[in-house]
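Undergrad: Sequence and computational prediction follow.
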Amino acid sequence: MKKTVITVMSVILALVLVAGLVLLAGCNKQMVDLTYSYNRAILSLPNGEVVEGKVSSWTDFEDGDQIQVKIDGKTYLVHSSNIVLISD
């Protein structure tokens, strides 16, 4: 009797896990982002100038939407909607 209950519970757990994975696979969102290294960046400044270059360092601030990036010895602080970080 106990073996049957354990088997049924194992099957139910497996079905729930499979259903969860199918639902997560249907999203176009990365659940865990482990990319922390970017080689290049393209950013737009308020005056309309576009800066593109090799990233020597970057920082994403937890409490805001700003990203600080260092390109060719210059440090830029931009809103996250005005920058593209590229990992080659």
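TA: It's in. Numbering: from 1, shown residues only.

Undergrad: I'd like the next helix or strand past the helix or strand where residue 59 lies.
TA: Here residue 59 sits within strand 50-60, counting by DSSP states H and E. If you walk from strand 50-60 toward the C-terminus, the next helix or strand you reach (DSSP H and E) is strand 66-71.

Undergrad: quick one: contacts for the nearest residue to residue 65 once chain neighbours are set aside?
TA: Residue nearest to residue 65 in three dimensions, not counting chain neighbours: residue 80, with 4.7 Å by Cβ to Cβ, 6 or more residues apart in numbering. No exception for glycine: its C-beta is placed from N, CA and C like everyone else's. By Cβ atoms under 8 Å, 6 or more residues apart in numbering, residue 80 lies in contact with 60, 65-67.

Undergrad: residue ranges with poor pLDDT in this structure?
TA: Scanning the chain for pLDDT under 70 picks out 1-2, 24-35.

Undergrad: Can you show me the helices along it?
TA: Taking DSSP state H as the test, the helices found in the chain are 2-25.

Undergrad: Run a quick neighbour tally on the nearest residue to residue 54 once chain neighbours are set aside.
TA: For residue 54, ignoring the flanking residues on the chain, the nearest one in space by Cβ to Cβ, 6+ apart is residue 40 at 6.0 Å. Residues near residue 40, counting by other Cβ atoms under 10 Å, number 14.

Undergrad: Looks like residue 40 contacts residue 51 (just checking).
TA: No - taking contacts as Cβ atoms under 8 Å, residue 40 lies outside contact range of residue 51: 11.0 Å.
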